[in-house]
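Undergrad: Sequence first, predicted coordinates after that:
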Amino acid sequence: MAGLADRADLAVRGVRLETGEGTDADTPVQRRAGAGPTDDGHLIIGGRSAALPIVSTSPYSLRGRRLLYEGTDTGLEVEPVRRPKFYDLRTDEGVSYEQIARLHGSDVLATTVVQTCMRYDESTRCRFCAIEASLRAGSTTAVKSPAQLAEVARAAVALDGVRQMVMTTGTSRGRDRGAAHLARCVRAVHQAVPTLPIQVQCEPPASLSSIAELREAGATAIGIHVESMDDAVRRRWMPGKATVPMADYRAAWDEAVRVFGHNRVSTYLLVGLGEDPDELVAGAAELISRGVYPFVVPFRPAAGTLAVDTDRVGAPPAALVADVTARVAGLLSKAGMRGADQGAGCAACGACSALSTVGG
């Protein structure tokens, strides 16, 4: 099983797929672009899900079921997450299920219910996000209907053993910031597959009553993602989202904890945006004191984002990722909070972070 130092190094440097080795079955299912700070392939390493960048220059490589470092076997066995069966299906209207929802990790169904964002203008978009790039590439659809998502979820559970679902959305111009459509989608999936836990993700809605509506629709957990609690970092990396005051995030987190419960609310914190690591850990401590799980993830520059196409920004040092992850994991352990206890969502899956490696 990979230790924290190895897991952090893999998260930053990614893995290379050796050509001419193995078969298509050895190639992990991949996610390219989209509404988030990762661009990755899905693997099982030492029994844990890992979403790692696929990088042609990485010193790590996959050969069959083994992980190599500069050609030498590391002793770690790797199981690629294979292409799921539900990807082969289409709706009656001819829409591929893969365009509606994707497999993340080994057992998570993920979808962006609205693939456009009011903040996607170049002056306001999050510099690590490519939410509309996948839409322009034709790999997804602009709006997923509740009926479509219910149909795909039912198939993913039956054919591929999916055990949780994540629904995120681009931010709309309405006061609900997209929560109303999320609630409709959750309600449809919950009715179709009542045992499937669902996490929803959205910006703080103008009316906090939207949070209760999401819970009433059947959501298990909620992610309200701030990425950084440092206002200077927010203005640099997320100029549109930075116009939402931190006070609004804190109010939304507190209401979400009231509605969903302690450790059923999470937020991303990205390592590598230039934030002082001590302040980042202090921010995580504040979140934990509120009952919010800080999902600490290394910034990994993804294709189609301004971070790559304009800024030419690279990933953070692995030592920094390991240090911050270890300290936050210690705080989580003292508070008795584990990502797995979220029930559904990014922290419950854990593939994009090294936190689960050290008990988070």
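TA: Great, that's in hand. Numbers count the residues shown, from 1 in each chain.
Undergrad: What's the end-to-end length of stretch 215-225?
TA: Its first and final residues considered, stretch 215-225 spans 17 Å by CA to CA, to the nearest Å.
Undergrad: ok, residues contacting that stretch?
TA: Judged by CB atoms under 8 Å, 6 or more residues apart in numbering, the contacts made with stretch 215-225 from elsewhere in the structure are 166, 168, 183-184, 186-187, 189-191, 194, 197-204, 211, 214, 249, 252-253, 256, 259-260, 264-268, 295, 342-348. For glycine as for every other residue, the C-beta is placed from the backbone atoms N, C-alpha and C.
Undergrad: Could you list which of those belong to helices?
TA: Of the positions in the contacts of stretch 215-225, 183-184, 186-187, 189-191, 211, 214, 249, 252-253, 256, 259-260, 346-348 sit in helices, assigned by DSSP state H.
Undergrad: Please list only the buried members of the residues you listed.
TA: Buried members of those, counted by 16 or more other CB atoms under 10 Å: 183-184, 186-187, 189-190, 211, 214, 249, 252-253, 256, 259-260, 346-348.
Undergrad: Confirm Tyr293 sits in a strand?
TA: Yes - in this structure, Tyr293 lies within a strand as judged by DSSP: H, G, I helix; E, B strand; the rest coil.
Undergrad: OK, contacts around Met337?
TA: Contacts for Met337 (CB under 8 Å, 6+ apart) come out as 263, 288, 293, 360.
Undergrad: any idea which of these is closest to Val12?
TA: Nearest to Val12 among the contacts of Met337: Gly360, at 17.8 Å, using CB to CB.
Undergrad: Show the model's pLDDT score for the closest residue to that closest one other than its chain neighbours.
TA: Across the structure, with CB to CB, 6 or more residues apart in numbering as the measure, the residue nearest Gly360 apart from its sequence neighbours is Ala329 (3.9 Å). Ala329 carries a pLDDT score of 97 in this model.
Undergrad: Quick check: Ala329 touching Gly339?
TA: No - proximity of Ala329 to Gly339 does not meet the contact threshold set by CB atoms under 8 Å, at 9.9 Å.
Undergrad: any shared contact partners between those two?
TA: Common neighbours of Ala329 and Gly339, using CB under 8 Å, 6+ apart, are 355, 360.
Undergrad: separation between the closest residue to Ala315 other than its chain neighbours and Cys352?
TA: With CB to CB, 6+ apart as the criterion, Ala315 has its nearest non-adjacent residue at 4.5 Å, and that residue is Val12. When distances are taken as CB to CB, to the nearest Å, Val12 and Cys352 turn out to be 12 Å apart.
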